[in-house]
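Novice: Any chance you can model this:
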Amino acid sequence: MATNGTRPTKAERLDAARDKARAAREAEERRQQRSLWTKIGIIALVVLLVVAGGFWYYFGVVKPNNTAADQGPIPTNANAYGGVTLNSPTSVVPTTTGGTVDVTPLKDVKGTPGATPSPEGVNKTAKPAQIIVFADALCPHCAEFENTYGPQLEKWLGDKQVTVEYRMVSVISSSTNYPARAANALYCVADAKPEAFQSTVKAIFADQKERNNASLAQLASDNGAPGLEGCIDNGTFRPYAAYSQGLFNKASIGGTPSVFINGEYWDMQANGDFTAWAEPLIAAANK
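Specialist: All right, here's what the predicted structure looks like:
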């Protein structure tokens, strides 16, 4: 380096320039390393949050909603076939006073493809006529059926021409197992506030969407069945819903809505308008 005011030589100027460039390069490398580690840290944090969120969603939402005991109670006012039977728009047939179901024998049962649907509990000589409706809370055709023909079902019920039995099943895929949870909610209503059962069925299909348990409890409350949060959150009748599903599979029914009048099957595609198809069967049953 130059001293005493002596002008730096060319070599000294070159060395100084190299030192300055090297210092700048090293500073830039340190800045880039800090930036890289900052980015890595941010990415790691995002990954951690995503993984934690995934664990929370699976163990807090998916797993509980998709887990049900193999044994459980039968709802009061439900029958041995997974159904709740209305004998008026605001009353159900009190068919049970307790007991339990065991889903284990039905877990791997499958129907025969192409076989004639044959549900258990059919009464071919029922008077008034027996209507059985298999429905899934997420099934759009079930909502279409209920919204189109629900008023007619209520009229027949009011005129004492029919009984209408709802058997809720799970056909539509749902990560939160909504069809089974909605079925449980309806069975909670049947058990505690049977007079609100039909109005709750109508509400589920009128605004068809995938609800959480709190929303299901609120919907039940709005339709005359308050105080069912515990029954719905605990999945009290989820085993019974699974039992209904097992019998549905066993009967080779396959799809929803599936409707029977004294054992006669309404094929939505082949039979056309439900009311026109049903009226002569109801009239014949009630002679």
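Novice: and the longest helix for this protein?
Specialist: helix 10-57 (DSSP state H).
Novice: Now do stretch 208-215, average pLDDT.
Specialist: Averaging pLDDT along stretch 208-215 gives 94.
Novice: could I have it exported to CSV, CA atoms only?
Specialist: In CSV, the C-alpha atoms belonging to stretch 208-215 read as follows (Å, rounded to 0.1, in the frame of the first residue of the first chain):
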residue,chain,number,x,y,z
GLN,A,208,-78.9,-30.2,0.2
LYS,A,209,-75.3,-29.7,1.3
GLU,A,210,-72.7,-31.4,3.3
ARG,A,211,-73.1,-30.1,6.9
ASN,A,212,-70.9,-30.5,10.0
ASN,A,213,-72.4,-31.9,13.1
ALA,A,214,-73.1,-28.5,14.6
SER,A,215,-75.1,-27.5,11.5
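Novice: buried set for it?
Specialist: 208, 210-211, 213 (16 or more other Cβ atoms under 10 Å). Using the backbone N, CA and C atoms, a C-beta is placed for each residue, glycine as well.
Novice: Tell me the one of those residues nearest Pro117?
Specialist: Checking those against Pro117 with Cβ to Cβ, the nearest one is Gln208 at 23.9 Å.
Novice: contacting residues for that closest one?
Specialist: Neighbouring residues of Gln208 by Cβ atoms under 8 Å, 6 or more residues apart in numbering: 137-138, 140, 143.
Novice: So Thr85: helix, strand or coil?
Specialist: strand (DSSP: H, G, I helix; E, B strand; the rest coil).
Novice: hang on, it packs against Val92?
Specialist: Yes: the pair Thr85 / Val92 is scored as a contact, 6.0 Å apart, by Cβ atoms under 8 Å.
Novice: picking that back up, make CSV from the contacts of Gln208 and add distance to Ile43 to it.
Specialist: Below are the contacts of Gln208 laid out as CSV (distance: Cβ to Cβ, whole Å):
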residue, distance to Ile43
Ala137, 41
Leu138, 37
Pro140, 41
Ala143, 44
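Novice: Go through the one helix or strand Glu144 maps to and flag the buried ones.
Specialist: Take DSSP states H and E as the rule and Glu144 turns out to sit in helix 140-158. For helix 140-158, the buried set under the neighbour-count rule, 16+ other Cβ under 10 Å, comprises 142-143, 145-146, 149-150, 153-154, 156-157.
Novice: do the same with stretch 100-116
Specialist: Under 16+ other Cβ under 10 Å, the buried positions of stretch 100-116 are 101, 103, 106.
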